[in-house]
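1. Here is a sequence with its predicted model. Questions after.
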Amino acid sequence: MSSTTKVQGFSTESGSRRADRVRLLAQPVAVLVIVGLVLLWAFTRSNDSIEAESIQASVLLAKTWEHVLITVVVAAIVVGIGVPLGMVLTRSWAKPVAPIFIGIANIGQAAPALGVLVLFFLWTEWDGLWAAALPIAFYSLLPVLRNTIVGIQSVDPALVDAGRGIGMSSRGVLFRIEAPLAVPLILAGLRTSLVLAVGTATLAFFVNGGGLGELVDTGYKLNRVSVLVVGAVLAVGLALLIDWIGALLEEYLGPKGLS
Amino acid sequence: MAETVSGAEIQLENVTKRYPGTGEPAVKDFNMTIPAGKIVIFVGPSGCGKTTTMRMINRLIEPTSGTITIGGEDTLKLNADALRRKVGYAIQQAGLFPHFTVAQNIAVVPGLLDWEKKKIGDRVDEMMDLVGLDPSVYRDRFPRQLSGGQQQRVGVARALAADPPVLLMDEPFGAVDPITRGNLQDELLRLQLELRKTIVFVTHDFDEAVKLGDKIAVLGDQSTIQQFDTPEAILANPANDMVAGFVGAGASLKQLTLLRVRDVNYHDNALTVVAPDSSPAELRKQMSEQGKTYALVLDARRRPQRWVHVRDLSTASSLATVGRPVGDNVSTQSTLQDALEAILSEGGNAVVTGSRGEYVGTIDIETVTNTIQQLRDEHDAGSAAS
């Protein structure tokens, strides 16, 4: 078992635990302050009619909601496919095909997100939420898939042997020993995937998926800097908040007893 | 399920394991009967196939051919997972699940066997008491919060939790310090007195094998049995050069750890005198009558106090201060190794005491060498006859 080639996992650890704690508190505060200031500026300046059409609470909320929705759907797809697939690919009988799936996921991430999005649109001729969520999910699948595999492979083989030796079935060992011990790495992968997804969701407007990218696009095309800035700042703020939620999950969802 | 199952006999017949793509089998035509309720040690150099042989008993490795029965039941006909739930398994560094508490680790097999929750809880506490861990303190700890020795105890408790008749132990004490290892070995022997399981124990440490084994199987390449006998017999008469090499230097010294003073013919003819009841002059008279140059002075409760040479007596005023004090003494429970140590430090003769510390005799180096010689002769005669 230990002879299998180990794939390197993604890690979002910054090294010091103390620094992590500070970041856990400071990150959301900084985001709220910056977004608040930008919104205050946008709403108090004198907007012309084109700007006013975009810079109003209902529009900003709707676009933000669309953006969050895409991200949540992508996260669900990524976890729903990446974790089970990763678990299956670590079984001894699946070893020969594992590199194929890793290869496909690698292609998904290496290809430009916009290209994947547009090709998928041309191929299916769908538009809207799913036309955006599916290709973005493909694009951000790799971290979860790969970290699931690495997480399970890095479980001490002696524990698997002990589990089998006292009479657990191989399924029992997978679900009770290997998977729980892989959770910290899976969560680190999910956080990376989420960050990729929330960033890429700004491209969803190309296929009528909505999201904050639409504000950026409007501001750019109609030459209204304030709309562009509001869209961009909201997208960045949202990305940082999602990353923060990922950090919270890593901090509190890992198995007990490991440190 | 709660009845105490004593061990079951394990029988291996023509067991062979051949890995695909290798010429020679890893285990070749292995035959052995492991008696119920005994500790049998597989000992041999690394890579000899001893672990492979053991792992075929619970089918962590499937034999290529041959049959293995436990208590008469063919293991190859059982579901492998069900089989393993009836065979305790303890490994090096315990193999505890780090995200399970101590109690959860011990409860795994009873859980797999669908015991009731209440019964599992009681059993966990019982097992923790058995291996000397206070349940109220350690039940909810995680393995990482325990010392190596404590983890190993939990490993043994987990292996025994469902009261399996057979226990397989793969170098279970290999990764702990020598003192803890000694304690764990003593405890295993104590447990075994109570439980009488059939234990197959793999180690590469021959001293551990001598200490724990009812019988030792010295295994060579491909798990071929070089010798399968009691520790005494193997030490006294190694079957071949390979066994002799494995026994190593000091076989006679190791034998001394297996024998107790009560098992040998120590002397009980020393001249003794009880101090308050006698005087130097009286003792001197006795000594010249019996032609002895040394006497042993005892106190009122017949505990040895001092050695007296006859020439010490001419100037002595009281028996309480004459001669030199008795240093090391040995009890009838001591091993011959302890006795030899005492003999050497006392200068030729050590006093043997009984259970209350009273004088029962003396032992000298000749007694020890005669005993070893006698054992050799017996085992030589035995192997010549067979």
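-> Perfect, I can see it now.
2. only C-alpha atoms for contact and neighbour calcs from this point on.
-> Noted.
3. Residues of chain B that sit close to chain A?
-> Residues of chain B lying near chain A by C-alpha under 8 Å from any C-alpha of the partner chain: B:58, B:60, B:80-85, B:87-91, B:95-101, B:109, B:112, B:142-144, B:159.
4. rerun that using 6 Å as the cut-off
-> If contacts are counted using C-alpha under 6 Å from any C-alpha of the partner chain, the residues of chain B sitting beside chain A are B:81, B:84-85, B:89, B:95, B:99, B:142.
5. Could you give the backbone dihedrals for residue 141?
-> Just going to use chain A. For A:Leu141, the backbone dihedrals are phi -70, psi -40 (criterion: degrees, to the nearest 10).
6. Chain B, not that one
-> In this entry, B:Arg141 is assigned phi and psi values of phi -80, psi 160 (degrees, to the nearest 10).
7. Spit out the contact partners of the residue lying closest to it once chain neighbours are set aside.
-> Computed as C-alpha to C-alpha, 6 or more residues apart in numbering or on different chains, the closest residue to B:Arg141 that is not its neighbour in sequence is B:Thr101, at 5.3 Å. Contact criterion C-alpha atoms under 6 Å, 6 or more residues apart in numbering or on different chains gives B:140-142 as the residues in contact with B:Thr101.
8. can you pull the pLDDT of the residue in the stretch 101-250 of chain A that chain B sits nearest to?
-> Across the stretch 101-250 of chain A, the shortest distance to chain B (C-alpha to the nearest C-alpha) belongs to A:Gly167, at 4.6 Å. The score at A:Gly167 is 93. That number is its pLDDT.
9. Contact partners for A:Pro143?
-> When contacts are counted by C-alpha under 6 Å, 6+ apart, A:Pro143 is found next to A:189, A:193.
10. Name the nearest residue to B:Leu271, sequence neighbours excluded.
-> Nearest residue to B:Leu271 in three dimensions, chain neighbours excluded: B:Ala295, at 5.0 Å (C-alpha to C-alpha, 6+ apart).
11. Would you enumerate the residues in contact with B:Tyr266?
-> For B:Tyr266, the residues meeting the contact criterion (C-alpha under 6 Å, 6+ apart) are B:Ile363.
12. so is A:Gly103 in a helix, a strand, or just coil?
-> Secondary structure for A:Gly103, judged by DSSP: H, G, I helix; E, B strand; the rest coil, is helix.
13. So which residues on chain A come close to chain B?
-> Applying C-alpha under 6 Å from any C-alpha, one finds that chain A approaches chain B through A:159, A:162, A:165-167, A:256-257.
14. could you flag which of the residues you listed are buried?
-> Among these, those scoring as buried are A:159, A:162, A:165-167 (criterion: 16 or more other C-alpha atoms under 10 Å in any protein chain shown).
15. What residues of the host helix or strand of A:Leu24 count as buried?
-> Using DSSP states H and E, A:Leu24 falls within helix A:17-44. Buried residues in helix A:17-44, defined by neighbour count with 16+ other C-alpha under 10 Å: A:24, A:28, A:31, A:35, A:38-39, A:42.
16. Would you verify that the residue of the stretch 101-250 of chain A closest to chain B is located in a strand?
-> No - checked against three-state DSSP, A:Gly167 lies outside a strand; its state is coil.
17. how close does it sit to A:Leu117?
-> Between A:Gly167 and A:Leu117 the distance, using C-alpha to C-alpha, to the nearest Å, works out to 48 Å.
18. The closest residue to A:Arg191 other than its chain neighbours - how many residues pack around it?
-> In space, A:Arg191 comes closest to A:Gly246 once its chain neighbours are excluded; the distance is 4.7 Å by C-alpha to C-alpha, 6+ apart. If you count neighbours by other C-alpha atoms under 10 Å in any protein chain shown, A:Gly246 ends up with 21.
19. roughly how far apart are A:Gly246 and A:Ile186?
-> Going from A:Gly246 to A:Ile186 by C-alpha to C-alpha gives 11 Å.
20. What of A:Gly219?
-> Counting by C-alpha to C-alpha, the gap from A:Gly219 to A:Ile186 is 38 Å.
21. what stretches of the chain score poorly on pLDDT?
-> Went with chain A since none was named. Within chain A, the segments meeting pLDDT under 70 span A:1-16, A:259.
22. wait, I meant chain B there
-> Counting by pLDDT under 70, chain B shows low-confidence ranges at B:1-5, B:381-386.
23. ok, the residue nearest to A:Arg191 touching A:Ser193?
-> No - under the criterion of C-alpha atoms under 6 Å, A:Gly246 lies out of contact with A:Ser193, with a separation of 9.6 Å.
24. Find out how far the next helix or strand after the helix holding A:Leu24 is from the centre of the chain, if you would.
-> Proceeding N to C from helix A:17-44, the next assigned helix or strand is helix A:49-54, under DSSP H and E. Its chain's C-alpha centre and that of helix A:49-54 lie 32 Å apart, by C-alpha atoms, centre = their mean, to the nearest Å.
25. And stretch A:74-82, by the same measure?
-> With C-alpha atoms, centre = their mean as the basis, the distance from the averaged C-alpha position of stretch A:74-82 to the chain average is 9 Å.
26. What residues sit buried inside it?
-> Judged by neighbour count using 16+ other C-alpha under 10 Å, the buried positions of stretch A:74-82 are A:74-75, A:77-79, A:81-82.
27. Which of these sits closest to chain B?
-> Nearest to chain B, judged by C-alpha to the nearest C-alpha, of the buried residues of stretch A:74-82 is A:Val79 at 22.3 Å.
28. tell me the SS of that closest one?
-> When states are read from three-state DSSP, the local structure at A:Val79 comes out as helix.
29. what about the closest residue to it other than its chain neighbours, neighbour count?
-> Excluding the flanking residues, the one nearest A:Val79 by C-alpha to C-alpha, 6+ apart is A:Val144, at 7.0 Å. Using other C-alpha under 10 Å, A:Val144 has 30 other residues around it.
30. A:Val144 contacts A:Leu190, doesn't it?
-> Yes - A contact is recorded between A:Val144 and A:Leu190 when judged using C-alpha under 6 Å, the distance being 5.3 Å.
31. quick one, which of A:Gly219 and A:Ile186 is more surrounded?
-> Under the neighbour definition other C-alpha under 10 Å, A:Gly219 and A:Ile186 were set side by side, and A:Ile186 has more, 32 against 22.
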